[in-house]
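>>> sequence first, predicted coordinates after that:
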Amino acid sequence: MNDDLDPQSDHSSDYLSHFQPQTQAQAQPRRPRGFAATAAAAAAATNSAGAVPSTAAAAASSGPAKGKREREKEKERTKLRERHRRAITSRMLAGLRQYGNFPLPARADMNDVLAALAREAGWVVETDGTTYRHSPPPSQLLAYPMRSVDSPLSTTSLKNSSVKGTLDSQPPSALRIDESLSPTSLDSVVIAEKETKNEKYSSTSPINSAECLEADQLIQDFRSTNNGNDFTGTPYVPVYVILATSTVNQFCQLVDPEGVRQELSHLQSLNVDGVVVECWWGIIEGWSPQKYIWSGYRDLFNIIREFKLKLQVVMAFHEYGGSESGDTMITLPRWVLEIGKENQDIFFTDREGRRNTECLSWGIDKERVLHGRTGIEVYFDLMRSFRTEFDDLFSEGIICALEIGLGASGELKYPSFPERMGWRYPGVGEFQCYDKYLLQSLRKAAKLRGHSLWARGPDNAGHYNSRPHETGFFCERGDYDSYYGRFFLHWYGQMLIDHVDNVLSLASLAFEETNIIVKVPAVYWWYRTPSHAAELTSGYYNPTNQDGYSPVFEVLKKYSVTVKFVCSGLHMSSQDIDEAFADPEGLCWQVFNSAWDRGLAIAGENAETCHREGHMKLVEMAKPRNDPDRRQFSFFVYRQPSLVQGTMCFSELDDLIKSMHGEIVGDLVS
C-alpha cells in the first residue's frame with residue numbers, strides 16, 4: 001500500500017461522486033464526425049485567424065487540470081477501497097487461524113483457504129490443485145462421534161462456508177469448484193461429484209444426519225479421532241534444556257560441579273539431545289573493559305563434554321534479574337554502569353525520561369562512548385574472545401550453535417514492557433527512543449523527509465498500561481496510520497533492523513561456519529486490533545495493513561540464521577484472549593510462514609511452565625500434522641527454572657521429549 005494515503009480523511013464525498021453519474025458539464029465532449037467534423041475544423045480555422053473566445057480559452061486551460069484532479073481522486077478512492085478489503089481479509093484469516101487452527105500463510109489467498117478447508121475435511125489437495133478424497137476403512141467411519149447442535153464451536157465457525165461431500169467408501173472422485181464464484185469471496189462452495197448420503201450416519205433424528213453437521217464440526221471430529229496424543233512415527237525434533245542461570249556465579253565460578261553432574265545424568269537418561277548455557281556479558285567482562293574471565297564456563301563445558309551432550313551457547317548482552325529469578329541478579333558490566341552515571345543516554349529512555357539499564361541503546365551502535373569503542377565493537381570483541389578461548393570445543397563439534405542476544409531479554413525487541421517501570425500485561429508499553437542518540441537519528445530522518453516537525457515521538461500514545469482504545473495513537477483510525485504515524489513507525493522499526501544487521505555482520509565473522517540463532521519475541525496481545533499496538537512499541541511495524549516481520553526476516557536471511565520463537569500464551573483462557581484481543585497462534589503462524597517463505601529454519605522455546613496440556617500444544621506446533629510441506633522445528637529448547645536445585649518436572653519433560661522424538665507416549669493431557 002502507498003504509505004502516503006491518510007485513512008483519517010473524509011472520503012464520503014469521493015465515494016458519492018464516484019458512484020453518481022456525471023453531469024453534462026462534467027462529461028467529456030464527444031469528438032465530431034463526418035460533416036460535423038468538417039464544420040468544426042472550419043470553425044477552428046476561423047477562430048485561429050481572429051481572437052479566441054474567452055470561454056474556449058478557459059475550457060482549454062482548465063480541461064487538463066480538471067482531468068488530472070479526477071484521476072488523482074479516483075486513485076485515492078481505489079487505494080482506500082483496497083485497504084478496506086485487505087483489512088477485512090486479514091480479520092477473516094485471523095479467525096481461521098485462531099478458531100480453526102489453520103496453518104495459513106501470512107498473505108493467504110482464496111486457493112490457500114479452499115485447500116485448508118478441504119484437507120481438514122479429509123480430502124487430498126495436491127500442489128497443482130488436483131483434489132480427491134481417499135476412502136477411509138469402514139471401521140474409521142464408525143469412529144466419528146456425533147455432536148450436539150449447540151456445539152460451542154458453531155458460534156465461531158465458518159458458517160458461510162458450505163462443504164458438501166460424502167463420507168462413504170466410494171472411489172476417489174475429483175472435486176468441481178464453481179468457477180463463477182469470485183476469487184476473493186470466502187463463501188465459495190466445494191461440490192463433490194457424488195452427493196449420496198452415508199448410511200452410517202442415518203438416524204431417525206434429523207440432528208444426527210450428515211447434512212446437519214457443520215464443516216467445523218466435521219473438522220473437529222476428524223482431529224479428535226485421528227490425532228489424539230500419540231506422536232509415534234512423527235518427525236524427530238531434537239530437544240535441548242537450558243541450564244539454570246545460577247550455575248555460574250558473578251565471579252565466573254562453577255557453583256556446584258557435583259550437582260551439575262547429577263542433573264546432566266538425569267537429562268541424559270531422558271535422552272535429551274543437548275543443553276543450552278547462557279554466557280553473561282556482566283560476568284565475563286564484568287569488572288574491566290576487555291578483561292574476559294571464562295574459568296567458570298570452561299569448567300561447566302568440560303563436564304558437558306564428559307556426558308557427550310551437544311551444546312548451544314547464548315551470548316547474553318542484557319541484564320538478568322527480578323521477581324521471577326529469585327535472588328539471582330546479573331547486571332551489565334560494572335564499568336558500563338559507571339559510564340552510564342556520567343552519560344545516561346547510553347541506555348534506552350522512555351517519554352518521561354526514565355532510563356532502562358537492561359541493555360544498551362541501539363543509538364550507540366556506532367558511537368564511540370564505551371572507552372573509545374562503539375556498541376557493536378564491544379559485542380564483537382567478546383564474541384571473538386569466546387571463539388578463541390573455546391576453539392577446541394568448536395573443533396570437536398560440541399558447540400553446535402551460538403545464539404546472539406539482540407535486545408531486551410535476549411530477544412530482538414525494544415525494552416518496551418519493563419516491569420520495573422510498572423508495566424503489567426496487557427498494557428501497550430511505551431516507545432523507547434528518547435535518548436539523545438536515537439533522537440538525533442530521528443531528527444536526521446525527519447529532515448531528509450522534509451518535515452522537521454516530525455522529529456519527535458508521539459504525544460498521544462498513552463502509558464505502559466494503556467489500552468489501544470484509550471489512546472489517540474493506537475485506537476482505530478488513530479494517528480498510527482497518519483502521515484506522521486507511518487513515518488515514525490517506519491523509522492522506529494528500521495532502527496531495530498539496522499541493529500540486527502550491524503551485530504550479525506560481525507557475529508558471522510566471529511563464528512564462521514557455525515549456526516547462529518536469533519530469538520524473536522511473541523508479542524501476541526492486541527494482535528486482533530487494527531494497530532497491533534504492543535508489537536509497534538516493541539519495534540515490529542505490523543498493523544493490519546502491513547507485514548512487520550518480512551523486512552526483519554529479509555535481513556536474517558542474509559546471514560542464514562535460525563529463528564527461535566518463544567511459544568508463549570498457549571494456556572490463556574478465552575476470557576483472557578478476548579480481554580486483550582490476543583491471538584498467540586495467529587502470531588505464531590505469521591512468524592513461521594514469514595521465516596519459512598525465506599528458507600529460514602525455525603526453532604521453538606517454551607515459556608516457564610510445566611503443564612501437560614501445554615506440552616501437547618508445543619508438540620503440535622513443532623511438527624504440525626496438517627502442513628502439506630511437512631515443515632517442522634529444527635530443534636526445541638525447554639526452559640525450566642531452578643534446574644540445579646532439582647525442581648524440574650522430569651515426568652512431564654520425559655513425555656515432551658518422547659513426543660518430540662516421535663516415540664510412543666501416553667496421553668499428555670491429564
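Arrived safely.
>>> show me where the stretch 201-350 of the chain dips below the pLDDT cut-off.
Flagging of the stretch 201-350 of the chain using pLDDT under 70 yields the residue ranges 201-229, 322-327.
>>> mind redoing it with 90?
Applying pLDDT under 90 to the stretch 201-350 of the chain flags residues 201-234, 245-246, 321-329.
>>> in it, which spans are helices?
For the stretch 201-350 of the chain, helices defined by DSSP state H, counting those that start in this stretch occupy the ranges 215-226, 257-269, 281-284, 295-306, 334-342.
>>> buried deepest among those helices, which one?
Among these, ranked by average contacts under mean count of other Cβ atoms under 10 Å, first place goes to helix 281-284 (a mean of 24). In this view, the C-beta of every residue, glycine as well, is placed from N, C-alpha and C.
>>> phi, psi of residue 562?
For residue 562, the backbone dihedrals are phi -100, psi 130 (criterion: degrees, to the nearest 10).
>>> surely it and residue 401 touch.
Yes - using Cβ atoms under 8 Å, residue 562 makes contact with residue 401 at a distance of 7.1 Å.
>>> which of those two has more residues huddled nearby?
residue 401 (23 against 20; other Cβ atoms under 10 Å).
>>> so residue 427 sits against residue 417, correct?
Yes - here residue 427 reaches residue 417: they are 7.3 Å apart, a contact under Cβ under 8 Å.
>>> so what sits against both of the two?
Contact with both residue 427 and residue 417 is made by residues 464, 534, according to Cβ atoms under 8 Å, 6 or more residues apart in numbering.
>>> and the helices of the stretch 201-350 of the chain: which comes nearest residue 607?
Closest approach to residue 607 among these (Cβ to Cβ): helix 257-269, 19.8 Å.
>>> which other helices and strands does that closest one contact?
Using 3 or more Cβ pairs under 8 Å, 6 or more residues apart in numbering; DSSP states H and E as the contact test, the elements touching helix 257-269 are helix 295-306.
>>> run the last query once more with 10 Å
For helix 257-269, the packing partners by 3 or more Cβ pairs under 10 Å, 6 or more residues apart in numbering; DSSP states H and E come out as strand 239-242, strand 274-280, helix 295-306, helix 650-661.
>>> on that earlier part again, so which of residue 427 and residue 417 has more stuff around it?
residue 417 (25 against 22).
>>> what residue lies at the spatial centre of this structure?
With distances taken as Cα atoms, centre = their mean, residue 591 lies nearest the centre of the chain, 3.5 Å away.
>>> so that one belongs to a helix, correct?
Yes - according to DSSP: H, G, I helix; E, B strand; the rest coil, residue 591 belongs to a helix.
>>> against residue 628, how distant is it?
Distance, residue 591 to residue 628, by Cβ to Cβ, to the nearest Å: 19 Å.
>>> now the strands for the stretch 501-650 of the chain?
With DSSP state E, counting those that start in this stretch, the ranges of strands along the stretch 501-650 of the chain come out as 515-520, 562-567, 601-606, 636-638.
>>> out of the ones you listed, deepest packed?
Burial of the strands of the stretch 501-650 of the chain is given as mean neighbour count (mean count of other Cβ under 10 Å); strand 636-638 ranks first at a mean of 26.
>>> strand partners of that one, parallel vs antiparallel please.
Strand 636-638 sits in its sheet next to strand 239-242 (parallel), strand 601-606 (parallel), going by DSSP bridges.
>>> state which helix of this structure is the longest.
If you go by DSSP state H, the chain has its longest helix at helix 54-100.
>>> tell me the helices and strands packed up against it.
helix 12-19, helix 110-120, helix 215-226, helix 584-596.
>>> what angle do that helix and helix 110-120 make?
When axes from the mean of the first three to the mean of the last three Cα atoms, to 10 degrees is applied, the directions of helix 54-100 and helix 110-120 differ by 20 degrees.
>>> so how far is helix 54-100 from its chain's centroid?
Distance, stretch centre to chain centre, for helix 54-100: 30 Å (Cα atoms, centre = their mean, to the nearest Å).
>>> I'd say residue 483 and residue 446 touch.
No - between residue 483 and residue 446 there is no contact under Cβ atoms under 10 Å: 11.9 Å.
>>> tell me, what's touching the two both at once?
Taking Cβ atoms under 10 Å, 6 or more residues apart in numbering as the contact rule, residue 483 and residue 446 both touch residue 454.
>>> ok, the two, which is more surrounded?
More crowded of residue 483 and residue 446, by other Cβ under 10 Å: residue 446, with 19 against 16.
>>> which SSE is that one in?
Take DSSP states H and E as the rule and residue 446 turns out to sit in helix 436-449.
>>> which residues are in contact with that helix?
With Cβ under 10 Å, 6+ apart as the criterion, helix 436-449 contacts 343-346, 348-349, 361-367, 369, 375, 431-434, 451-457, 483-484, 487-488, 490-492, 494-495, 498.
>>> only alpha carbons, please: show it as CSV.
Presented in CSV, the C-alpha positions along helix 436-449 are these (Å, rounded to 0.1, in the frame of the first residue of the first chain):
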residue,chain,number,x,y,z
LYS,A,436,19.9,11.7,22.7
TYR,A,437,21.4,9.3,20.2
LEU,A,438,18.1,7.9,18.9
LEU,A,439,16.6,11.4,18.9
GLN,A,440,19.5,12.6,16.7
SER,A,441,18.7,9.8,14.2
LEU,A,442,15.0,10.7,14.3
ARG,A,443,15.8,14.4,13.6
LYS,A,444,18.0,13.4,10.7
ALA,A,445,15.3,11.1,9.2
ALA,A,446,12.7,13.9,9.6
LYS,A,447,14.9,16.4,7.9
LEU,A,448,15.5,14.0,4.9
ARG,A,449,11.8,13.5,4.6
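>>> buried stuff in it?
Across helix 436-449, burial judged by 16 or more other Cβ atoms under 10 Å covers 437-439, 441-442, 445-446.
>>> can you list the residues you listed in JSON lines and add distance to residue 584 and pLDDT?
Below are these laid out as JSON lines (distance: Cβ to Cβ, whole Å; pLDDT from 0 to 100):
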{"residue": "437", "distance to residue 584": "34", "pLDDT": "97"}
{"residue": "438", "distance to residue 584": "30", "pLDDT": "98"}
{"residue": "439", "distance to residue 584": "34", "pLDDT": "97"}
{"residue": "441", "distance to residue 584": "33", "pLDDT": "97"}
{"residue": "442", "distance to residue 584": "32", "pLDDT": "97"}
{"residue": "445", "distance to residue 584": "33", "pLDDT": "97"}
{"residue": "446", "distance to residue 584": "36", "pLDDT": "97"}
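>>> identify, from the residues you listed, the entry nearest to residue 92.
Nearest member of the buried residues of helix 436-449 to residue 92, counting by Cβ to Cβ, is residue 445, at 35.4 Å.
>>> against residue 547, how distant is that closest one?
As judged by Cβ to Cβ, residue 445 and residue 547 stand 21 Å apart.
>>> returning to that earlier point: would you list the strands paired with strand 636-638 in CSV and tack on distance to residue 384?
As requested, the strands paired with strand 636-638 are exported to CSV (distance: least, Cβ to Cβ, whole Å):
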stretch, distance to residue 384
strand 239-242, 25
strand 601-606, 25
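>>> and residue 538, which of the ones you listed is closest to it?
strand 601-606 (17.1 Å).
>>> between the closest one and helix 584-596, how many degrees?
Going by the same axes, to 10 degrees, strand 601-606 makes 150 degrees with helix 584-596.
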